[in-house]
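In: Here is a sequence together with a model predicted from it:
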Amino acid sequence: QVQLLESGGGLVQAGDSLRLSCAASGRSSSGRTFSMGWFRQALGKEREFVAHINWRGGPTFTSDSLKGRFTISGDNAKNAAYLQMNSLEPEDTAVYYCAARDNDLYYVPTENDYDYWGQGTQVTVSS
């Protein structure tokens, strides 16, 4: 079983930056190297896709609305994924979730494409 632990959330002001981290531990049921993504859910709204990274040279995906401000990266050796968030806006306030799946993805994913989820980390951006 894979466990995901997010960190790096907090309260910031508009225009600030934050870097979220997600550390993965354990072994997937298939034994395959997993790929990882980030989602977010604002209060009263549905969970939305933020970004995804594949470990084996496949494409990286970022939500069109967040490109230019949010960047996903990762360290395969550490089984870790990161989300660099710049020029934060109050509309970015949400719980940010890390997710992982057994295989690489070659399309923009939905939350149904992931096998494992973290508990989430709160990001609050004040105006």
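Out: Arrived safely, thanks for sending.

In: going forward, measure contacts between C-alpha atoms and count neighbours the same way
Out: Fine.

In: how about the helices of this protein, start to end?
Out: Assigned by DSSP state H, the chain shows no helices.

In: who's in contact with the most centrally placed residue in it?
Out: Here the mean C-alpha position of the chain is nearest to the C-alpha of Trp38 (C-alpha atoms, centre = their mean), at a distance of 1.9 Å. Going by C-alpha atoms under 8 Å, 6 or more residues apart in numbering, Trp38 touches Phe49, Val50, Ala51, His52, Leu83, Tyr96, Tyr97, Cys98, Ala99.

In: residues near the fifth one, how many?
Out: Pointing back at Leu83 there. Neighbour count for Leu83, taken as other C-alpha atoms under 10 Å: 23.

In: That one contacts Lys67, doesn't it?
Out: No. Here Leu83 lies out of contact with Lys67, judged by C-alpha atoms under 8 Å, at a distance of 12.0 Å.

In: Give me the spatial nearest neighbour of Phe49, chain neighbours excluded.
Out: Nearest residue to Phe49 in three dimensions, chain neighbours excluded: Phe39, at 4.5 Å (C-alpha to C-alpha, 6 or more residues apart in numbering).

In: which residues does the one you found form a beta bridge with?
Out: Phe49, Tyr97 (DSSP bridges).

In: What pLDDT does the model give it?
Out: Looking at Phe39, its pLDDT is 98.

In: OK, contacts around the closest residue to Gly120 other than its chain neighbours?
Out: Of all residues not flanking Gly120 in the chain, Tyr97 sits nearest, at 4.3 Å (C-alpha to C-alpha, 6+ apart). Each residue near Tyr97 by C-alpha under 8 Å, 6+ apart is listed here: Glu6, Trp38, Phe39, Arg40, Trp117, Gly118, Gln119, Gly120, Thr121.

In: Repeat that for Ser87.
Out: Contact analysis of Ser87 by C-alpha under 8 Å, 6+ apart lists Ala14, Gly15, Asp16, Ser17, Arg69.

In: These into CSV, with extra columns for neighbour count, pLDDT and distance to Gly31?
Out: Putting the contacts of Ser87 into CSV (neighbours: other C-alpha atoms under 10 Å; pLDDT from 0 to 100; distance: C-alpha to C-alpha, whole Å) gives the following:
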residue, neighbour count, pLDDT, distance to Gly31
Ala14, 17, 98, 42
Gly15, 14, 98, 41
Asp16, 14, 98, 39
Ser17, 16, 98, 35
Arg69, 12, 98, 34
